[in-house]
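Colleague: need coordinates for the below:
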Amino acid sequence: MKTIINSDKAPAPIGPYSQAVRAGNTLFISGQIALDQSTGELVMDSIEEETEQVMRNLKYVIEEAGLDMSNIVKCSIFITDMNNFTVINEVYGRYFTQDPPARETVEVSGLPKGVNVEVSAIAIA
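Modeller: Here you go, the predicted model:
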C-alpha cells in the first residue's frame with residue numbers, strides 16, 4: 001500500500017510524479033529544485049540561495065508527511081558544476097547538524113528548468 005504526499009508549501013510536480021510516496025514506514029521524496037511555490041519563480045540569484053530554497057522545499061514535503069529532517073536516512077544531490085560543491089555542502093549541512101543521513105553527490109550535465117542543484121531523499125518514520 002502506498003500513500004501520496006503533497007505539500008501546498010512546496011512546488012507542484014512539473015511532470016507525472018508525486019512530491020513524495022509513503023510505502024510502509026518509508027518515505028521516498030522526489031527531487032526538489034529551487035522553485036518558490038509562493039511566487040512560481042526559480043530562486044537562482046546565487047548558488048547559496050538556490051540550495052537554501054531546495055532544502056526548504058525538501059523540508060516542506062517531509063513535514064507534510066508528519067516527519068522532520070532527522071527522519072531522513074539517505075539523500076541524493078545532483079549538481080551541474082562540482083565547483084559549487086562547497087557552498088551546496090555548507091547549506092545542506094545546516095539542515096543536518098546531528099547524525100546526518102547517507103548521501104551521494106553527482107555532477108550531471110543538466111537538470112530540470114536549467115537549475116544548478118536538485119536533492120531527493122528517503123526517510124524512515
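Colleague: so Ile29 versus Asp45, what's the distance?
Modeller: Distance of Ile29 to Asp45, given as C-beta to C-beta, to the nearest Å: 25 Å. Yep, even glycine has a C-beta here, placed from its N, CA and C like the rest.
Colleague: so between these two, which is more surrounded?
Modeller: Each of Ile29 and Asp45 has its neighbours counted (other C-beta atoms under 10 Å); Ile29 has more, 27 against 10.
Colleague: in a strand, that's where that one is, yeah?
Modeller: Yes. Under DSSP: H, G, I helix; E, B strand; the rest coil, Ile29 falls within a strand.
Colleague: which strand residues bridge it?
Modeller: Ala20, Ala121 (DSSP bridges).
Colleague: now do the contacts for it.
Modeller: Going by C-beta atoms under 8 Å, 6 or more residues apart in numbering, Ile29 touches 19-20, 58, 61-62, 120-123.
Colleague: I'd say Ile77 and Val119 touch.
Modeller: Yes. Using C-beta atoms under 8 Å, Ile77 is in contact with Val119, at 5.3 Å.
Colleague: of the two, who's got more company?
Modeller: In terms of neighbours (other C-beta under 10 Å), Val119 is the more surrounded of Ile77 and Val119; the figures are 25 against 21.
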